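Participant: No letters, just coordinates:
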């Protein structure tokens, strides 16, 4: 269920005592030092050398727009504390502004995860961003260090090696045997990372990515940065805004992760993340009940049926005609993935009804198996996966170093969040034995005044970044305005989900115009409409 969206997290204020006041001063001084070091490391950054893209890079785009795109690889220091020790390459994709005579600058597109591809996100946004943004900005997608085309961080050489380890790890372990196998598999995973991942492994923290982003800003010739960041990338945006506050022009941060909580207490972030996801599951089931026949799972009481499915799958897999066995892990992952996209809700409902019909032969079965029952294709060799997202989380977030703490948390959280609690507790188990124990990371302060206010968007029914995370982020930052969107699903800008939200983002990016405080945008449509 995790957003470590990576998806996918409070340094609490100490104002009551003199000791707490001194702690705040020390933290601010350290942040200033980090910003100074980061700025110095970027002096004289080379210009990005744009050129033709690889043959396969633009295959998914309409032929008419392909001439606007160009590609580059940009070298940045692997270790900013020792910049002469080596570099890593960042893959970039640029879509040139359609009206170069009125060009404002470059708008960087940062994906979530961590581990998502900004290059892929830029391609997904084709034809979806406000027209004035496309006319007046060069759009620049980048794969952050260790991700995608940017020297990917991998802990295995072949798919077979990865399968041997990941095959031991159960997404939702319930029995003693499943938990034991999952603990062992995670130890093997981290051992493989220590042996194989290479010199980038200790340098995957978000603070390093923020420094990379400042190098890229200089490389494309901009005095100030424009950023559109999704999900995990909102943490990147918040980090950059506090390291380099005077270099901020316009930041749109969509689906915010609560930087204070995420960087001060990883397990508490996960627990609250699970609670937010559980609330959206409940909202989905209520929506289904109200939709009647438009929702395939609406017959009877959807909440009671869902709880029955979950409890039955704890006992073992269910054989679904035409789809094969469905176990608790498949069920939980299918629900979590589908809730990110409101257009997938009808398929999710059909998948749930298919499983329900399998355990109740007299119940009506949907025409298709539904998205819940989709399976990943079998993988071959060499290994094409990546452990980049895991590396970022383990460096950014403080997690317990004892594996035994995670099963105990799972038992507690499952009582609070019956669907999302158990998988969330195990989702970052590898961080208990992660081979990098000391790494530079940024954990605040978060309230440094920026050159311009930041614009935030948060959905009311977001399974990955709940609205509380978004409101906390807006309150934590030095200057920010939050727009609430009455929407199911994860993130909103450029997804054809709310014309209101897209228009507000467009006006802000081009003209730095903020919406009124407490603005609420409607969704263009709700699931099952």
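Facilitator: That came through, no problem. These figures come from a predicted structure and were not determined experimentally.
Participant: Can you get me a residue count around residue 366?
Facilitator: Residue 366 has 18 neighbours, counted by other C-beta atoms under 10 Å. C-beta here means a position set from N, CA and C on the backbone, and glycine is covered the same way.
Participant: just residue 363 next, same as before
Facilitator: By other C-beta under 10 Å, 14 other residues sit near residue 363.
Participant: Excluding sequence neighbours, find me the nearest residue to it.
Facilitator: Residue nearest to residue 363 in three dimensions, not counting chain neighbours: residue 357, with 4.6 Å by C-beta to C-beta, 6 or more residues apart in numbering.
Participant: Okay, buried residues for the one helix or strand the one you found maps to please.
Facilitator: Using DSSP states H and E, residue 357 maps to helix 345-359. Residues of helix 345-359 classed as buried under the neighbour-count rule (16 or more other C-beta atoms under 10 Å) are 345-358.
Participant: from those, which is closest to residue 177?
Facilitator: Nearest to residue 177 among the buried residues of helix 345-359, counting by C-beta to C-beta, is residue 355 at 23.6 Å.
Participant: Quick one: residues contacting residue 385.
Facilitator: 154, 156, 159, 162, 379 (C-beta atoms under 8 Å, 6 or more residues apart in numbering).
Participant: Residue 326 contacts residue 318, correct?
Facilitator: Yes: proximity of residue 326 to residue 318 meets the contact threshold set by C-beta atoms under 8 Å, at 5.3 Å.
Participant: May I have the secondary structure class of the spatially most distant residue from the centre of the chain?
Facilitator: Residue farthest from the centre of the chain, counting by C-alpha atoms, centre = their mean, is residue 362 at 40.7 Å. Secondary structure, DSSP: H, G, I helix; E, B strand; the rest coil: residue 362 is coil.
Participant: I'd like the next helix or strand past the helix or strand of the chain with the lowest mean pLDDT.
Facilitator: Ranking every helix and strand in the chain by mean pLDDT, DSSP states H and E puts helix 18-41 at the bottom, with a mean of 35. Once helix 18-41 ends, the next helix or strand along the chain (criterion: DSSP H and E) is strand 69-77.
Participant: Grab the longest helix from the chain for me.
Facilitator: Ranked by residue count and defined by DSSP state H, the top helix of the chain is helix 266-291.
Participant: If you count neighbours, what's buried in that one?
Facilitator: Neighbour-count burial for helix 266-291 flags 266-267, 269-281, 283-285, 287-289, 291 (criterion: 16+ other C-beta under 10 Å).
Participant: Make sure residue 486 is indeed in a strand.
Facilitator: Yes: residue state for residue 486 (three-state DSSP) corresponds to a strand.
Participant: On the pLDDT front, check the closest residue to residue 68 other than its chain neighbours for me.
Facilitator: Nearest non-adjacent residue to residue 68, counting by C-beta to C-beta, 6+ apart: residue 96, 4.8 Å away. pLDDT for residue 96: 98.
Participant: Give the burial count for residue 96, as a bare number.
Facilitator: Using other C-beta under 10 Å, residue 96 has 15 neighbouring residues.
Participant: likewise residue 145?
Facilitator: Residue 145 - counted by other C-beta under 10 Å - has 25 other residues nearby.
Participant: so who does the residue nearest to it when sequence neighbours are not counted touch?
Facilitator: Closest residue to residue 145 apart from its sequence neighbours, by C-beta to C-beta, 6+ apart: residue 88 at 5.5 Å. Counting by C-beta under 8 Å, 6+ apart, residue 88 makes contact with 75-78, 145-146, 150-151, 200.
Participant: Most neighbours among these, which one?
Facilitator: Among the contacts of residue 88, residue 146 has the most neighbours (other C-beta under 10 Å), with 28 neighbours.
Participant: Pull the contacting residues for that residue.
Facilitator: 88, 152-153, 200, 204, 386, 388, 391-392.
Participant: mind running it again at 7 Å?
Facilitator: By C-beta atoms under 7 Å, 6 or more residues apart in numbering, the contact list for residue 146 reads 152-153, 200, 204, 388, 391.
Participant: Narrow the residues you listed to those in helices?
Facilitator: Checked against DSSP H, these include these in helices: 388, 391.
Participant: nearest to residue 529, of the contacts of residue 146?
Facilitator: In terms of C-beta to C-beta, no member of these lies closer to residue 529 than residue 388, at 37.5 Å.
Participant: Relative to residue 431, how far out is that closest one?
Facilitator: Relative to residue 431, residue 388 is positioned 14 Å away (C-beta to C-beta, to the nearest Å).
Participant: Comparing these two, which residue is more hemmed in?
Facilitator: residue 388 (28 against 24).
Participant: Report the secondary structure state of the spatially closest residue to that one that is not a sequence neighbour.
Facilitator: Among residues not flanking residue 388 along the chain, residue 146 sits closest, at 3.9 Å (C-beta to C-beta, 6+ apart). Secondary structure, three-state DSSP: residue 146 is coil.
Participant: and if you look at the one 4 residues further on?
Facilitator: Reducing the assignment at residue 150 to three states with three-state DSSP gives coil.
Participant: Isn't it up against residue 92?
Facilitator: No: taking contacts as C-beta atoms under 7 Å, residue 150 lies outside contact range of residue 92: 8.9 Å.
Participant: ok now do the closest residue to residue 382 other than its chain neighbours, which residues does it touch?
Facilitator: Computed as C-beta to C-beta, 6+ apart, the closest residue to residue 382 that is not its neighbour in sequence is residue 158, at 5.5 Å. Counting by C-beta under 7 Å, 6+ apart, residue 158 makes contact with 381-383.
Participant: All set now, cheers.
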